[in-house]
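In: Using only what follows, build the 3D model:
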Amino acid sequence: MTSVLQVPTQDTTRLIRRIQTVTILWMIVEVAVSLSAAWTAHSPALLAFGGDSAIELLSAVVVLWRFRAPAQERSEKHVARIAAALLFILAAYVAVVSAMTLLGHREAKTTYSGIAVLIGAAAIMPWLAREKRRLSAITGSAALRADAAESALCAYLSLVALVGLGINAIWHLQWADPIAALVIVPLILWEGWEAMRGRACGCC
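Out: Numbers count the residues shown, from 1 in each chain. Modelled structure (predicted):
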């Protein structure tokens with residue numbers, strides 16, 4: 001479905017910029033903490049979550065730029081295709097790392113900083129998704145609608161990853177982490193496919 005770009009009021013534009021700035025600041029923290037924890041703990045679930053968060057950071061920057069510059073739907077679609085390609089690469093990489101962990105080539109460890117950032121994401125991202133969804137309905141922006149969907153998906157991914165890391169932390173079942181990552185992979189692929197088609201994913 002083709003979106004009809006509307007000229008937002010100054011108040012709406014300021015609110016969108018504020019929401020996107022909050023998103024960008026949080027995503028910087030989320031990416032830094034989750035990928036750092038994934039590296040030290042060898043956590044496939046955090047790798048999947050952090051990689052998706054990095055691509056969502058790109059999306060948030062694009063939307064902020066979109067509302068600071070004249071609307072260009074072609075540019076939005078071009079960036080969406082780049083994000084889709086990155087999501088497909090991320091899904092393949094996470095699947096390989098998860099398989100290696102399940103086969104015993106890597107050992108997923110407990111990471112409390114990773115658990116903390118997942119709890120933060122589960123609390124913050126649903127609110128951001130709701131605000132972006134409401135503002136996308138006002139402006140008709142495909143980029144903002146897709147960004148809202150990515151924020152909603154980020155919340156889902158944080159919960160899935162949190163279950164895997166929590167089971168590993170409490171019961172020391174190391175297979176829970178890579179299993180959680182493998183559950184996340186189809187969601188990343190779906191997000192990439194919808195981005196390739198220029199649509200927001202159905203989770204929003």
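
In: State the pLDDT value of residue 46.
Out: We have a pLDDT of 94 for residue 46.

In: Kindly export the strand or helix carrying it (C-alpha atoms) in CSV.
Out: In this structure, residue 46 sits in helix 44-66 according to DSSP states H and E. Taking Å, rounded to 0.1, in the frame of the first residue of the first chain, the C-alpha atoms of helix 44-66 are listed here in CSV:
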residue,chain,number,x,y,z
PRO,A,44,23.8,-15.8,20.5
ALA,A,45,20.5,-14.3,21.8
LEU,A,46,22.1,-11.0,22.7
LEU,A,47,24.0,-11.0,19.4
ALA,A,48,20.6,-11.3,17.6
PHE,A,49,19.1,-8.6,19.7
GLY,A,50,22.0,-6.3,19.5
GLY,A,51,22.4,-6.7,15.8
ASP,A,52,18.7,-6.0,15.2
SER,A,53,19.0,-2.9,17.5
ALA,A,54,21.9,-1.6,15.4
ILE,A,55,19.8,-1.7,12.3
GLU,A,56,16.9,-0.1,14.2
LEU,A,57,19.3,2.7,15.2
LEU,A,58,19.9,3.3,11.5
SER,A,59,16.2,3.4,10.9
ALA,A,60,15.7,5.9,13.7
VAL,A,61,18.4,8.2,12.3
VAL,A,62,16.8,8.0,8.8
VAL,A,63,13.4,9.0,10.2
LEU,A,64,14.9,11.9,12.2
TRP,A,65,16.6,13.0,8.9
ARG,A,66,13.3,12.6,7.1
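
In: Would you mark the buried spots in that helix?
Out: By neighbour count on 16 or more other Cβ atoms under 10 Å, the buried set for helix 44-66 is 44-57, 59-60, 62-64, 66. (C-beta placed from N, C-alpha, C; glycine too.)

In: Spatially, what comes nearest to residue 99 if we skip its sequence neighbours?
Out: residue 178 (7.7 Å; Cβ to Cβ, 6 or more residues apart in numbering).

In: Just the mean pLDDT for the lengthiest helix in the chain, thanks.
Out: Criterion DSSP state H: the longest helix present in the chain is helix 10-41. Mean pLDDT, computed over helix 10-41, is 94.

In: separation between residue 86 and residue 192?
Out: 8 Å (Cβ to Cβ, to the nearest Å).

In: higher neighbour count, those two?
Out: Neighbour count, other Cβ atoms under 10 Å: between residue 86 and residue 192, residue 192 has more, with 24 against 18.

In: Test my guess that the more buried one contacts residue 82.
Out: No - between residue 192 and residue 82 there is no contact under Cβ atoms under 8 Å: 10.9 Å.

In: Worst mean pLDDT across the helices and strands of this structure, which element?
Out: Within the chain, no helix or strand scores below helix 73-102, which has a mean of 83 by mean pLDDT, DSSP states H and E.

In: Alright, that wraps it up for me.
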